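A.B. asks: Based on what follows, work out the 3D shape:
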Amino acid sequence: MFKHAIHFLRAVAVGAVPLLIAACGGSAPGGGSTSQPAAVDATVVSGTVTGFGSVIIDGVEYAEGSVSVARDVDPRGETATTMAAVKVGQQVEASVDASGKVTKLLVRATVIGPVDSVDVAGSSFKVVGQTVKVVTSGDGRTIFEGVDGLSGLNAGDWVEVHGTIDADKNVLATRVEVQPPGGETKVRAGGIVKNVDVNAKTFKLGDLTINYGGATIKPDGATIANDEMVFVFSDQLPVNNTLTAKAIRVAKQPALEGRRFVIGGLVSGYNSISDFKVNGLEVDASSAEIKGGNAADIMNMALVRVEGMLAGTGSSAVLKATRVTIIPASEQRAVMLIGQVTDFVSAASFKVRGTPVDASASTVVFRNGTASDLKEGAFVAVKGHIDGSTVKADQVSFLTPPVGMTFRLFGAVSDFNPTAKTFKLLGIPMKLADNATFTGGALADFANGKLVVVKGSFDGTTFVVTDVTFKTGPSAVLIRSEGAVSDVTAASFKLNGATFTITAQTTIVNGPLANGQHVEVEATLVSGNLVAQRVEVQPAAATALLIGPITDFASKSNFKVQGQPVDASAATFVGGTDADLANGALVRVGGTLNAGVVQAAKVTFLR
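C.D. replies: Residues are numbered from 1 along each chain as shown. Coordinates of the predicted model:
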């Protein structure tokens, strides 16, 4: 979706990432964002999510096919989830088919467990004995959810950490999520093995001792050895700084000897230009072309992308580099988001593809529109950087819908010309068709400032409107938002960067509120303050919940919400009928996940 409007936004840089493996080909040199490498064979890409339009991993965009999504917490079996659970800063492994489409996405956290201690001055904290480093400045900052930053973390908070392993074998966090208390214990620790004792069946990850005597080791046939990258799972907390493992995944390099190989990440174990590692893979760059610097710039903690040919297999594999690109700090982990605006409160608080955005800074560059065109449902491309729990926009470009695809859009009329029947909505040039129908009013009522839902399609120049529905009353100005809350007190909470006030009239469902909970909020703007009317805590359950505008609509059994395929052929509908299903319609979908598709039990139209 929006492919025709993406090309001018290719300048998003590659992020600080674990691993990029291309079976044939790879990302383009030079540090810029690219489309996916031309694929003649299946490709595995492992790295950091840096945006959405399709799926953007390390600044490289991969088209979404029929994607199955899963979480790798327990190595003995994956847990199916939805595209709505995929977020900026997460570590993922994507399977990409020969046409360049992602067919499977595996979300793989590095550490899950309770916080042991927090060192704000040292920009770090500990989780189950592992030191987690946090980036607090520059474009490569760690993104937080459930708290606004490191200072909001407390000992005992349960967190899910995504990140890479630095030269000191610590976790360099790309994302930290605070999760609400409760539920079953699932502890995960990832890192580089040291001090293996094959007789006692123990080894160390950071300060944590792992007892693997009764653990299932994956993949089958793998063994535990020093300097291997592993992920450890347990269903119990550490005792006396020892974690009893239930399952361990050994991250073996694939057998791709003699194949073209591209890897991106942090340099570690640097001895010389012919002997260093990038995420555990030995690299020899003695004959390589160096881009973005010189050989002296290749050192521990430098962010690089290495291209070359793989020699050897398994632990003896060496990447004979033909090119090493050094990624400057100013280009690390820039974020690009492409889609429709949702959860709009103001320019300082809205979402694109489920990611909170703040575009209120005076330095933000707006293209093809202005800040006043930022409204619920607007088509935008946001380029920005992580700051706490939001993406701070550097540039917002207003896009037009795909040609020939029917959309329902909601907004206020502007620039109306009664003679030509042209106007603007959400910054999009529109025109009333001669045979346009009106509900709740007539053509004579159509004027600037009117709140309307329009239905039509873009012909390449203008969005031609065939149906207009006038919207009035409190529901037309109700603000809806969802996500993870932080800074919860008896009087207020924060959500997507905005502060919501709790009053005696606020209804809280499934409460009480706590940091890290995922909630849906209905609010009104009173004297410049957001006052929560209703807050519903979303309980952790097997059911799937999606909230957002419909995209890729083909039929009621084939459309997407939040990038997730949905089948609503057996659903009940609230606030509308299946005839109202259309691209751009804002809906809440509840159902179950089956073979990568949410089978909707209920679809609620939200406007």
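A.B. asks: For residue 446, what are phi and psi?
C.D. replies: When read as degrees, to the nearest 10, the backbone of residue 446 gives phi -70, psi 120.
A.B. asks: tell me which element the residue most central in space within the chain is part of?
C.D. replies: Nearest to the mean C-alpha position of the chain, by CA atoms, centre = their mean, lies residue 87 at 2.0 Å. For residue 87, there is no host helix or strand (DSSP states H and E).
A.B. asks: contacting residues around it?
C.D. replies: Neighbouring residues of residue 87 by CB atoms under 8 Å, 6 or more residues apart in numbering: 49, 145, 175, 354, 355. Backbone N, C-alpha and C define where each C-beta goes, glycine included.
A.B. asks: Just the buried subset of those residues, please.
C.D. replies: 49, 145, 175, 354, 355 (16 or more other CB atoms under 10 Å).
A.B. asks: Using neighbour counts, pick out the buried residues of the lengthiest strand in the chain.
C.D. replies: Counting residues, the longest strand found in the chain (DSSP state E) is strand 60-74. Neighbour-count burial for strand 60-74, counted by 16+ other CB under 10 Å, picks out 60-65, 67-74.
A.B. asks: repeat for stretch 424-438
C.D. replies: 424, 425, 426, 427, 428, 430, 431, 432, 436, 438.
A.B. asks: and that stretch, average pLDDT?
C.D. replies: For stretch 424-438, mean pLDDT is 92.
A.B. asks: All further residue positions should be reported with the first residue as 24.
C.D. replies: Fine by me, first position is 24 from now on; the one you just mentioned is stretch 447-461.
A.B. asks: Can I get the buried residues of stretch 447-461 in TSV including distance to residue 298 and secondary structure?
C.D. replies: Shown next, in TSV, are the buried residues of stretch 447-461 (distance: CB to CB, whole Å; DSSP: H, G, I helix; E, B strand; the rest coil):
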residue	distance to residue 298	secondary structure
447	60	strand
448	60	strand
449	55	coil
450	54	coil
451	56	strand
453	62	strand
454	65	strand
455	69	strand
459	70	strand
461	73	strand
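A.B. asks: And the residue lying closest to residue 297 once chain neighbours are set aside, its phi and psi?
C.D. replies: In this structure, residue 297 finds its nearest non-sequential neighbour in residue 309, 4.0 Å apart by CB to CB, 6 or more residues apart in numbering. Main-chain dihedrals, residue 309, degrees, to the nearest 10: phi -60, psi -20.
A.B. asks: how close does residue 309 get to residue 136?
C.D. replies: Distance of residue 309 to residue 136, computed by CB to CB, to the nearest Å: 41 Å.
A.B. asks: So which of the two has more stuff around it?
C.D. replies: The neighbour count for residue 309 versus residue 136, taken as other CB atoms under 10 Å, is higher for residue 136 (24 against 12).
A.B. asks: If the more buried one is in a bridge, with which residues?
C.D. replies: Following DSSP bridges, residue 136 is listed with bridge partners residue 182.
A.B. asks: who's in contact with it?
C.D. replies: Per CB under 8 Å, 6+ apart, neighbours of residue 136: 150, 151, 181, 182, 210, 211, 212, 260.
A.B. asks: try 10 Å
C.D. replies: Counting by CB atoms under 10 Å, 6 or more residues apart in numbering, residue 136 touches 149-153, 181-184, 208-212, 231, 257, 260-261, 266.
A.B. asks: and residue 230, backbone torsions?
C.D. replies: Per degrees, to the nearest 10, the backbone of residue 230 is at phi -90, psi 0.
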